[in-house]
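Visitor: Next come a sequence and a model predicted from it.
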Amino acid sequence: MPDKPLFLERASFHRRRLGDAARVLPVLSSALVLVPVWWAPALVSFAGGVLWFFLLWAGLILAVWALHRALLRAEAATMRASEAVAAGQSRPEGKAQARPAQGDARQNTGGSPDAL
Amino acid sequence: MPFETLLAICLAYVVLMFVVAFAADRAAARGHVRWLDHPLVYTLSLSVYCSAWTFYGAVGYASRSGLEFLTIYLGPTLVFTCAWWGLRRLVRVARMHHVTSVADLVSARFGKSNRLAALVTLIAVIASTPYIALQLKSVSLSFEVFATDTPEAPIINGATLGGTAGWVAAGLALFTILFGTRNLAADERHHGVVTAIALEAVVKLLAFLALGVFVVWGLADGPADIMARIARAAEAPENAEGWLLRADRWTALNMVAAAAILTLPRMFQVMVVEAADEERLTVAGWAFPAYLFAMSLFVMPIAVMGRELLPAEANPDLYVLTLPATQGQDMLAMLVFLGGFSAATSMVVVCAIAVATMVSNHWLVPLWLAMRKTTEGEATDLRGFVLNARRLAILAVVAAGWVYHQASEGSAALAAMGLVAFVGMAQVLPAMIGGLLWRGANRKGAYAGIGTGFVLWMALIFLPSVGMGGDLPVPGVMDPWAAAVFLSLSANTLAFIAVSIFGFPDPVERLQGLSFVSAVEPIRHSRMMRSDDRAEPLLAMARRVWGPEEALRYFQAEARAQGKSGYLPDLTPRFLTRLERRLGGSIGSATAHAMIDRVAGGVALTVSDLLQVADEAQRAKEETQRLESARAELAVTARQLREANDKLTALSVQKDAFLSQISHELRTPMTSVRAFSEILKDPSLTPEERARFAGIIHDEAGRLTRLLDDLLDLSVLESGRAQLSISVANLHDLINRALSAASATRPERSFLIDRDMSSEHLGIITDADRLLQVLINVISNARKYCDSARPLLIVRVQNLEADGTIIDIIDIIDNGSGIDSARQSLIFEKFARLNDPARAGGAGLGLAICREIMAALGGDISYLPGQGGAAFRITLPKRPPVGVAASGSSAA
């Protein structure tokens, strides 16, 4: 389809990869929370567990904060880039530009619907 | 602290909450929602998750089971790591459909089925009642701590204490009715309630942190000391057993807490229904886990210090209160009491609003509408009924909690109720997640999944928790409770998936499925009657739900958006969809759907309608593709036109040059003729001179005639009126004649002729004279322009069969410098001349005539590039085309 670029500009590419990171994070954090208890419950049940879980928890909060900040910035950068592209070339050849955030967010979450 | 002071402070706090809620509602009514809409307020309102059960109970839990209490907070944290792509999506879809509760979400997704919503409501009511009772109990227990602490207040006895719960319940019901049912807005947001809850969240957090700081730095010697005490406590034999984390319970509890944050009615209410948009989750995504982190940071220290400092028979669930009270920290104890009070009240208020919305939307209103169906009473005020139903439901929910509290005197029966409620609502999760991610999920699957989960939850978890039935008999060392959780959730999921796979959803469901899974705006089917007389009943119906002013405003705005004046918009699918969703925001999607269908006389959606929707989408796609290819065609045509234009411009320039040239050509002989005629008039000329001048005049006149003949010849050929005399000829003879005729041109140059005699003997049927003319012209040109020192002329004849016709090809090649590529396309044009015209001596018509002749003979003449010199290829068919042959024979 002509309106779905095969390759993205730097800004949108970066944003997509951050989105991938946001998808991996829950899996990683679930593993870090669950696996130690499956593996060595005695190690994480007492004082050691207090340290492990609270440090992990603080790390998770920071990770989500940093990720959301980076995602918001990347989104803004993509918007700026696409605006610049839109302003720079008004010719029809300028179609391969990055799509605005709205459409992309939809694509991220929705994907393309299968047959009705 | 005197009990009266406590009561006074408590009442003052309650009054403050009323004032805050009232002020926030007023600000929102005036449109000052900027601060109220702040993501921080949203995040704080999420803290309604931390009810009194977690405020008081977490410490008790920790002192009994060690770090296991963390699961209640870690589960939601794990869910919030999905905030960016998961929760935002949930909120967006829910906002898009104006979902009013978790039951409404499930019902809207699965074909707007009210019965499904009623089932979810049933689970919510069963799960919430003991949970609310637990909150009331925690408040009355905390009162008791202060009461037993003050021996000078003997009037306080068990009976009045039992009454505290009643008073608290009454106050909460009043607050909820006042601020939870003020309006029946389409977006179901309660600014007053949310702001009051955010404030309570701050009190809760400050109280707990203050206590934690006091315990860690006041009672113990800082974090290192606390860690040492924890390690020491863990060595006690009863703790080494009880505090050891168990993989099955740990996993099950994390799962259940994660599910609860999504499905608990009060969490869905604050997280999804009260959210203005999904963007605030970018802040809440880390801020809410941070709040939970802060709330649980000091749980272990308080538990450990409580065990050390308080008598063994003290209730660990009340360490939070008794610890500061026994240490003489009255103000701190008071603050903690207010924190616990906040936790309990905010939970009851939000839970009551959420459950009451479900009860009224999915139980009372449909029941009422079904009962009224028989009696035609459409003029009644539905809005008043819905609001009253909601108020009644709030009263009923809170009252049920209070009754339950009064009935169950044993605290043990209540303590587990938080988790029981979590597991109960978690049964909605598979259908909810499946509905959002899987278009194949259908209503029957949802019934099967939720129903299975509900039955197993009742049998294995709820009834045992109230003392009916026993634990699940599981072999081995597995925890019965964790086993029950795994069993109910996996049976639920399996039933949901299996029945969905074998079922076939109805069309409304499929449309909704598309909208939910792809997060696109749904469009109602278009089989409505498109007449204005149907719009009026719709307006009347909307008036019954929203009140006259708002309904009129909405209809007018919609009509204006369609470009119509007045109050009655056209019943377009778009308008009906929006109206239905807006109504759904007030009374639930299932009821709204049913009401619109009834009033507007809609026809049930069929599969063919769905296919039509798909067809329209397909047609639009095809149209786009068609336009795209048309654009490409246009680009090609434009390019051809551009080339033609370039050529025309060049030709025009050439023609201008030629016109001056031809004038010159005509004038030169004319001038000679005139000049020599003048001279001939002179009588003194000798006869020889006369004869010479007359000869010159004759030659010049001949040149003029040839020029004019050429022009005439060309015009005849171009107009297609050429007379051809077709005969059989030998190509070899023709080439011989051409070579000898052309040798008259620049006879001083001697050419080496390279021929292949054997291949030249070909009989052809054509106009031999015309062909000869072409050959002579080409060979003369070669003689004229070949600039090589040792000129060579190559003549090659080939006989080819192409596309079923036999053609002859004659190549005439010299070894000069050829014609540069820029001019190759112009040499066959009229009046084209290379180099200096004086040197050539022709008018530039030769090759143009050749091309016309070859066209007339059914052949072609073209320039062959890349042959090392000027090269021309003459192609002609074995026999001339039919039309030419006919004209030839008629000429003959």
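Guide: Happy to help now that I have it. Residues are numbered from 1 along each chain as shown, chains lettered A, B, ... in the order given.

Visitor: how about the strands of the chain, start to end?
Guide: Because you didn't say which chain, this covers chain A. Applying DSSP state E to chain A gives no strands.

Visitor: wait, I meant chain B there
Guide: Counting by DSSP E, the strands of chain B are B:727-730, B:752-755, B:763-766, B:792-802, B:805-814, B:860-863, B:871-877.

Visitor: want to throw those into CSV with mean neighbour count and mean pLDDT?
Guide: Glycine gets a C-beta too; all of them are placed from N, C-alpha and C. Below are the strands of chain B laid out as CSV (neighbours: other C-beta atoms under 10 Å in any protein chain shown; pLDDT from 0 to 100):
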stretch, mean neighbour count, mean pLDDT
strand B:727-730, 14, 87
strand B:752-755, 13, 88
strand B:763-766, 19, 85
strand B:792-802, 15, 85
strand B:805-814, 19, 86
strand B:860-863, 18, 88
strand B:871-877, 21, 88
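
Visitor: So for B:M347, which of the ones you listed sits nearest?
Guide: Nearest to B:M347, of all the strands of chain B, is strand B:792-802, at 91.5 Å by C-beta to C-beta.

Visitor: where in the stretch 201-350 of chain B is pLDDT low?
Guide: Residue ranges of the stretch 201-350 of chain B with pLDDT under 70: none are present.

Visitor: re the thing from before, out of the strands of chain B, nearest to B:G418?
Guide: strand B:792-802 (91.0 Å).

Visitor: ok, that closest one: who's next to it in the sheet?
Guide: Looking at strand B:792-802 with DSSP bridges, its partner strands are strand B:752-755 (parallel), strand B:805-814 (antiparallel).

Visitor: May I see those strands arranged in TSV, with distance to B:M358 as well?
Guide: Formatted as TSV, the strands paired with strand B:792-802 follow (distance: least, C-beta to C-beta, whole Å):
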stretch	distance to B:M358
strand B:752-755	103
strand B:805-814	86
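
Visitor: Indicate which one of the ones you listed is closest to A:L18.
Guide: Closest among these, once you apply C-beta to C-beta, is strand B:805-814, at 67.0 Å.

Visitor: For the stretch 401-550 of chain B, which segments count as helices?
Guide: Here the stretch 401-550 of chain B has its helices, by DSSP state H, counting those that start in this stretch, at B:411-415, B:417-426, B:429-437, B:443-457, B:463-465, B:480-502, B:507-518, B:532-546, B:548-561.

Visitor: Tell me how far B:R578 lies from B:F555.
Guide: Per C-beta to C-beta, to the nearest Å, B:R578 is found 11 Å from B:F555.

Visitor: the more surrounded of those two?
Guide: Counted by other C-beta atoms under 10 Å in any protein chain shown, B:R578 and B:F555 do not tie: B:F555 has more neighbours, with 22 against 19.

Visitor: Now do B:P324 against B:S750, distance only.
Guide: Counting by C-beta to C-beta - B:P324 and B:S750 are separated by 128 Å.

Visitor: Which one's more surrounded, the two?
Guide: Just comparing B:P324 and B:S750: by other C-beta under 10 Å the higher neighbour count belongs to B:P324, 26 against 10.

Visitor: Who are the contact partners of the more buried one?
Guide: Neighbouring residues of B:P324 by C-beta atoms under 8 Å, 6 or more residues apart in numbering or on different chains: B:L211, B:F214, B:D330, B:L332, B:A333, B:V336.

Visitor: What sits closest to the fourth one if chain neighbours are left out?
Guide: The reference is to B:L332. Distances taken as C-beta to C-beta, 6 or more residues apart in numbering or on different chains place B:P324 nearest to B:L332, at 4.2 Å, with adjacent residues excluded.

Visitor: just the last one next, same as before
Guide: Beyond its immediate neighbours in the sequence, the residue positioned closest to B:V336 (C-beta to C-beta, 6+ apart) is B:A207, lying 4.9 Å away.

Visitor: Is it correct that that neighbour is in contact with B:L338?
Guide: Yes. Proximity of B:A207 to B:L338 meets the contact threshold set by C-beta atoms under 8 Å, at 6.3 Å.

Visitor: So which of these two has more stuff around it?
Guide: B:A207 (25 against 21).

Visitor: can you count the residues close to the residue in the stretch 251-400 of chain B positioned nearest to chain A?
Guide: Residue of the stretch 251-400 of chain B nearest chain A, by C-beta to the nearest C-beta: B:W286 (3.9 Å). Neighbour count for B:W286, taken as other C-beta under 10 Å: 24.

Visitor: pretty sure it is in contact with A:L71, am I right?
Guide: No. Counting by C-beta under 8 Å, B:W286 does not reach A:L71; the two are 11.8 Å apart.

Visitor: Quick check: PyMOL command selecting the buried ones in the contacts of B:P324.
Guide: Buried residues within the contacts of B:P324, by 16 or more other C-beta atoms under 10 Å in any protein chain shown, are selected in PyMOL with:
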select buried, chain B and resi 211+214+332+333+336
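
Visitor: Show me the contacts of B:P324 that map onto helices.
Guide: B:L211, B:D330, B:L332, B:A333, B:V336 (DSSP state H).

Visitor: Which residue is the nearest non-sequential neighbour of the first one?
Guide: Using C-beta to C-beta, 6+ apart and skipping residues adjacent in sequence, the residue nearest B:L211 is B:V336, 5.4 Å away.

Visitor: can you tell me how far that neighbour sits from A:A81?
Guide: Distance of B:V336 to A:A81, given as C-beta to C-beta: 52 Å.

Visitor: shaky segments in chain A?
Guide: Ranges of chain A meeting pLDDT under 70: A:1-8, A:88-116.

Visitor: and with 50 instead?
Guide: A:1-3, A:91-116 (pLDDT under 50).

Visitor: before we move on, back to that, now distance to B:G401 too, for the strands of chain B, in a markdown table please.
Guide: Below are the strands of chain B laid out as a markdown table (distance: least, C-beta to C-beta, whole Å):
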| stretch | distance to B:G401 |
| --- | --- |
| strand B:727-730 | 117 |
| strand B:752-755 | 115 |
| strand B:763-766 | 111 |
| strand B:792-802 | 97 |
| strand B:805-814 | 100 |
| strand B:860-863 | 99 |
| strand B:871-877 | 102 |
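
Visitor: So which residues on the stretch 451-600 of chain B come close to chain A?
Guide: B:R510, B:L514, B:V517, B:S518, B:A519, B:V520 (C-beta under 8 Å from any C-beta of the partner chain).

Visitor: Can you add pLDDT and give those back as JSON lines?
Guide: Putting these into JSON lines (pLDDT from 0 to 100) gives the following:
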{"residue": "B:R510", "pLDDT": "83"}
{"residue": "B:L514", "pLDDT": "83"}
{"residue": "B:V517", "pLDDT": "87"}
{"residue": "B:S518", "pLDDT": "83"}
{"residue": "B:A519", "pLDDT": "79"}
{"residue": "B:V520", "pLDDT": "77"}
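
Visitor: Can you say which of those residues are buried?
Guide: For those, buried by 16+ other C-beta under 10 Å: B:R510, B:L514, B:V517, B:S518, B:A519.

Visitor: ok so, going back, any idea which of the helices of the stretch 401-550 of chain B is most buried?
Guide: helix B:417-426 (a mean of 26; mean count of other C-beta atoms under 10 Å in any protein chain shown).
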